[in-house]
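Next input, structure requested:
(chains A and B)
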Amino acid sequence: MLRVRFAPSPTGYLHIGSARTFIFNWLYARRNGGTMILRIDDTDVERNTQESLDSIYEGLRWLDLSWDEFYRQSERGELHRSAAETIFAKGLAYRDFTPAAVSEDEEKSHADGQWLFNPAMRELSKEESDRRAAAGEPFVLRFRVPRESRTEVTFQDLVYGAQSKATADIEDFALLRSSGVPTYHMASCADDADLRISHIIRGQDHLTNTFKHVLIFEALGVTPPNFAHLPLLIAPDGSKLSKRKHGPVVSVTTYRDAGFLPQAFINFVCLLGWSPKDDREVLSRQELVDAFSLEGINQSNATVNFTEQDPFDPKAVWFNAEHIRTMPQEQLAEQLLPFAAAAGFSPDRAKMKQVTPLIQERIRLLSDVKTTADIFFLDPLPPYDSAELIPQKGDAAMAATVLERARQVLETAEFRHETLDAALRAAAAELKVKTGQMFQPIRVAVCGRKVAPPLFETLEVLGRETTLKRIDEALRMLPAPLRTEN
RNA sequence: GGCGCUAUCGUCUAACGGUUAGGACGGAGCCCUCUCAAGGCUCAAAUACGGGUUCGAUUCCCGUUAGCGCUACCA
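Numbering: from 1, shown residues only, chains lettered A, B, ... in the order given. Alright, predicted model coming up:
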């Protein structure tokens, strides 16, 4: 039975790296008919926050990622303590009565002097240990790393291959804090054993911790699960992604609020450190499930290429644009609604459905609706420079002539883009101006700028009334003496 | 400092020990075209360095360098 878990600690918002870890676990479970478990690793009471927990749920809900079983470590303290008890009873752990390091110097001396264990504490007699404990003296419970009986700890990583580390290089790590609260290593392993996790898929920052975990599993009398460590996601400066240093750009909700599609986000992060080994890049959720395998995961860290000017990796934005383009229009219109409302447009569904096909291949983020669809929702148009009305190789007189003529045509023409196209082309021929010279003034009059969706489709959506009103306004902006009456 | 992991275009990546080292994003240019997009085509751009092994190394081994991680009574 294949069982995987995602075990975040609620000490910050769900960031892109954690999301990817969840996704890889989820993909592996769904691919192989396994069970996905969400376990909140909240043993560090000091740093846990409700906001963080909410952020994790919020992010996962947005991505529409589900789990089959749910646990909170804080509700499983008894299990962790009894597991520690078991290890202690087997003589594989000992009490360390050394007071916690308070000063930085003390900690540093540990680091410099390759601290492995305190011999006096490791070798304390059972009698004295029991006596001091009974007297109420505080202690941490440490794992007694075997140093004589074996020389190294090994395991096979499904991504990084055979791993080994000398027992002489592993320190006697803590299992229980002096408060009696289990440490991460203890709680995590006790839970992984109890929940019968078959594959631990997690960040590479845990690779060296795994030697300790193997020791714990063995001490518990359990065969260790399979391990698969993931290359880390790093910032362009080479440092590990962190909210502290990089701010909200690493938060999943930042992507959501900027107008990313969940599927595009998932697609993007999946290709950071994993490849389907063919040249496919734009993949649906189902295609990802079908293509996913641990063999496709590579070993080197991947950079999320954001900058201070642009918080999103250009490739992530491209993925989003790709997914927007292939999305059914009905769905896209629906997704666009809240972003249009946020832009202050007060859009209705029917109007949005008309506008959507005109902007679908012109937006990269859902929030781009604000800058590309404004002309359909705002009335009147924001002010613009009347010089924009003047066509290439033309002058204000030409602009005025063109607009006057267009106005006449549009007063009676049927507002369907095919007929508008034919009518206005004919008008251009009649006036002996190039089509570009004919269309550009109309476009600017109607959109307030030169860059816009195709003209005739735009007019069709805008309708006769708005179109004529905007042309009249443009005409008023042109110098009066140059206006040609007919 | 010790230990571990990693190293292909700017970025994400592909390449049974044999390829003109491939694809994508981004960049430049051309085409298409009512503007913008989209689309099509083209160009620039990489095997960190040094030693081996081999008829032949991006690929295997060693070293150097660099980056990252762990080295807590954080996770």
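
quick one: contacts for A:P8?
If you count contacts by C-beta atoms under 8 Å, 6 or more residues apart in numbering, A:P8 has them with A:14, A:18, A:22, A:40-41, A:56. No exception for glycine: its C-beta is placed from N, CA and C like everyone else's.

ok, now with 6 Å
With contacts defined as C-beta atoms under 6 Å, 6 or more residues apart in numbering, A:P8 is in contact with A:18, A:56.

can you check the one 10 residues further on too?
Going by C-beta under 6 Å, 6+ apart, A:S18 touches A:P8.

helix or strand for it, which one?
Using DSSP states H and E, A:S18 falls within helix A:16-31.

Can you give the distance from that helix to the centre of its chain?
12 Å (C-alpha atoms, centre = their mean, to the nearest Å).

and it, what's its mean pLDDT?
Helix A:16-31 comes out with an average pLDDT of 97.

Walk me through which strands the very next helix or strand once past it pairs with, and which way each runs.
Note on helix A:16-31: by DSSP H and E, the next helix or strand toward the C-terminus is strand A:35-40. Here strand A:35-40 has these sheet partners by DSSP bridges: strand A:3-6 (parallel), strand A:69-72 (parallel).

ok, and what's touching the first one?
Read that as strand A:3-6. The contact list for strand A:3-6, computed with C-beta under 6 Å, 6+ apart, reads A:22, A:25, A:28-29, A:34-35, A:37-39, A:196-199, A:201.

Now with 7 Å, please.
The contact list for strand A:3-6, computed with C-beta atoms under 7 Å, 6 or more residues apart in numbering, reads A:21-22, A:25, A:28-29, A:34-39, A:195-199, A:201.

Repeat that for the last one.
Counting contacts by C-beta under 7 Å, 6+ apart, the residues outside strand A:69-72 that touch it are A:35, A:37-40, A:42.

does RNA strand B sit close to that strand?
No - figure legend: strand A:69-72 not in contact with RNA strand B (C-beta under 7 Å from any atom of the strand); closest approach 11.6 Å.

cool, the first one as well?
No - contact of strand A:3-6 with RNA strand B is not found when judged by C-beta under 7 Å from any atom of the strand; the minimum separation is 11.6 Å.

Please, where are all the strands along chain A?
When assigned using DSSP state E, the strands of chain A occupy the ranges A:3-6, A:35-40, A:69-72, A:93-96, A:140-143, A:152-157, A:161-166, A:174-176, A:199-203, A:226-230, A:233-234, A:302-303.

Mean neighbour count added to these, as TSV?
Compiled in TSV, the strands of chain A are given as follows (neighbours: other C-beta atoms under 10 Å):
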stretch	mean neighbour count
strand A:3-6	24
strand A:35-40	21
strand A:69-72	13
strand A:93-96	22
strand A:140-143	23
strand A:152-157	15
strand A:161-166	12
strand A:174-176	24
strand A:199-203	21
strand A:226-230	21
strand A:233-234	20
strand A:302-303	16
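
Could I get the strands paired with strand A:35-40 in CSV, plus columns for mean pLDDT?
Shown next, in CSV, are the strands paired with strand A:35-40 (pLDDT from 0 to 100):
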stretch, mean pLDDT
strand A:3-6, 98
strand A:69-72, 96
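
can you tell which of those is closest to A:Q440?
With C-beta to C-beta as the measure, strand A:3-6 is the member of the strands paired with strand A:35-40 nearest A:Q440 (54.4 Å).

Pull the distance from the closest one to the chain's centre.
The chain centroid and the centroid of strand A:3-6 are separated by 20 Å under C-alpha atoms, centre = their mean.

Against A:P347, how distant is A:H323?
According to C-beta to C-beta, to the nearest Å, A:H323 and A:P347 sit 21 Å apart.
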